[in-house]
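J.: sequence and predicted structure are below.
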Amino acid sequence: MSLSPDLQHRIETILNTHPVVLFMKGTKQQPRCGFSAGAVEALGSVTDTFFDVDVLSDPELREGIKAFGNWPTIPQLYVKGELIGGADIISELSNAGELHRLLGQPAPDRTPPRLVISERAAEAIRDGMDETEGDALHLSIDAQYRARFMLKPSSGHEIVAQAGGITVLFDLASARRADGLEIDWIETVQGAGLVLKNPNRPEGVKAITVHDLADRLRKASVQVIDVRPAHARTLAPFAGTSHILEGRLPELLALPKDLPLAFLCHHGISSRSAAEHFVAQGFTNVMNVEGGIDAWSLEVDASVPRY
């Protein structure tokens, strides 16, 4: 594809306006492919002040950016107008500390995380590794604190931790999330396997009653996200609503991750699903209003219509 002058100008304007630009599939709040998610993870561990461009919303730009930098895949990272590379290069530079230097950030903390590996877990890990040669044990922990073990060669940029006679390799972000991690081996009637206890993992969705919600609203210590559709909100308006979910998910996912959020629906069912989605996106203070607006009408404010 050849670039039209208008498209070339549009891309150059983006790069001249923003010093750090990630062309990706989806947005940094909602990546829509694994490679874009990985790029956001690696870049976000260095800086949160990068500009993201969703190429899926602009087919002309999606193809044009490939021709602009002669790079065939998405995502693509540009720093001060210069193409840095795609997902693998972003991750490699981040783990090597080179991305910090490029972005003018302090050198990363490479202190190995503290680990506890039980004897039974160490034995099971050694048994599994006896079948491989030349591979090292890597442990990745993503932003949602999902852990994944992998056996693969070392790149030389990993952070190395040891416990129970086992050597474990981490990328930079995973190392910080793994500090204090306990790894054990359990056997139950359902089967046997490694179990990880991570003290850094955020608490999941907390259930609160409508009386708890009323108290928090009086103290202005929570923001309420109403997940109901428009017709339900019209039938029974809730005066304490801070945000409407319908049609506004991207802007809500951009809220501070530690903001206290309470999710409200009709009976507390769809609100729980919405709350769990926000926890999966890294929010750490998420509540679900049990019983929903119906319980609020019955127990707190009878002037709110039931439906």
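T.: Nice, thanks for sending it over.

J.: which of the helices or strands spans L43?
T.: Assessed by DSSP states H and E, L43 sits inside helix 34-44.

J.: so which bits of that helix are buried?
T.: 35-44 (16 or more other CB atoms under 10 Å). No exception for glycine: its C-beta is placed from N, CA and C like everyone else's.

J.: could these go into JSON lines alongside distance to L151 and pLDDT?
T.: As requested, these are exported to JSON lines (distance: CB to CB, whole Å; pLDDT from 0 to 100):
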{"residue": "F35", "distance to L151": "22", "pLDDT": "95"}
{"residue": "S36", "distance to L151": "26", "pLDDT": "96"}
{"residue": "A37", "distance to L151": "22", "pLDDT": "92"}
{"residue": "G38", "distance to L151": "19", "pLDDT": "91"}
{"residue": "A39", "distance to L151": "24", "pLDDT": "95"}
{"residue": "V40", "distance to L151": "26", "pLDDT": "93"}
{"residue": "E41", "distance to L151": "21", "pLDDT": "89"}
{"residue": "A42", "distance to L151": "21", "pLDDT": "91"}
{"residue": "L43", "distance to L151": "26", "pLDDT": "94"}
{"residue": "G44", "distance to L151": "27", "pLDDT": "88"}
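
J.: could you export those as CSV, including distance to Q144?
T.: Listed next are the buried residues of helix 34-44 as CSV, based on distance: CB to CB, whole Å:
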residue, distance to Q144
F35, 17
S36, 16
A37, 11
G38, 13
A39, 16
V40, 13
E41, 10
A42, 15
L43, 17
G44, 13
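
J.: so for the longest helix anywhere in the chain, what's the average pLDDT?
T.: Secondary structure assigned by DSSP state H gives helix 5-17 as the longest helix of the chain. For helix 5-17, mean pLDDT is 96.

J.: quick one: distance of the helix or strand just after that helix to the chain centre.
T.: Sequence order places strand 20-24 as the next helix or strand after helix 5-17, per DSSP H and E. With CA atoms, centre = their mean, to the nearest Å as the basis, strand 20-24 stands 17 Å off its chain's centre.

J.: same deal with stretch 144-157?
T.: 17 Å.

J.: and that stretch, how far apart are its ends?
T.: 23 Å (CA to CA, to the nearest Å).

J.: and R216, how many neighbours?
T.: 18 (other CB atoms under 10 Å).

J.: ok, back up a step: report the buried residues of the longest helix of the chain.
T.: So for helix 5-17, counting by 16+ other CB under 10 Å, buried means 7, 10-11, 14-15.

J.: next one: stretch 129-148
T.: For stretch 129-148, using 16+ other CB under 10 Å, the buried residues are 136-141, 143, 145, 147.

J.: of all those, which comes closest to G104?
T.: Ranked by distance to G104 (CB to CB), the buried residues of stretch 129-148 are led by A143 at 23.3 Å.

J.: residues in contact with that closest one?
T.: 41, 44, 173, 282 (CB atoms under 8 Å, 6 or more residues apart in numbering).

J.: and those, which two are the farthest apart?
T.: A173 and G282 (12.0 Å).

J.: helices of the stretch 51-200 of the chain, start to end?
T.: Listed in chain order, the helices found in the stretch 51-200 of the chain under DSSP state H, counting those that start in this stretch are 59-69, 87-96, 98-102, 119-129, 172-177.

J.: excluding residues flanking it in the chain, which one is nearest A295?
T.: Nearest residue to A295 in three dimensions, chain neighbours excluded: V210, at 4.7 Å (CB to CB, 6 or more residues apart in numbering).

J.: if I look at that neighbour, how far off is S303?
T.: From V210 across to S303, the span is 14 Å (CB to CB, to the nearest Å).

J.: neighbour count: these two, which is higher?
T.: More neighbours surround V210 than the other of V210 and S303, with 22 against 7 (other CB under 10 Å).

J.: was I right to think the more buried one contacts D294?
T.: No - assessed by CB atoms under 8 Å, V210 is found out of contact with D294, at 9.3 Å.
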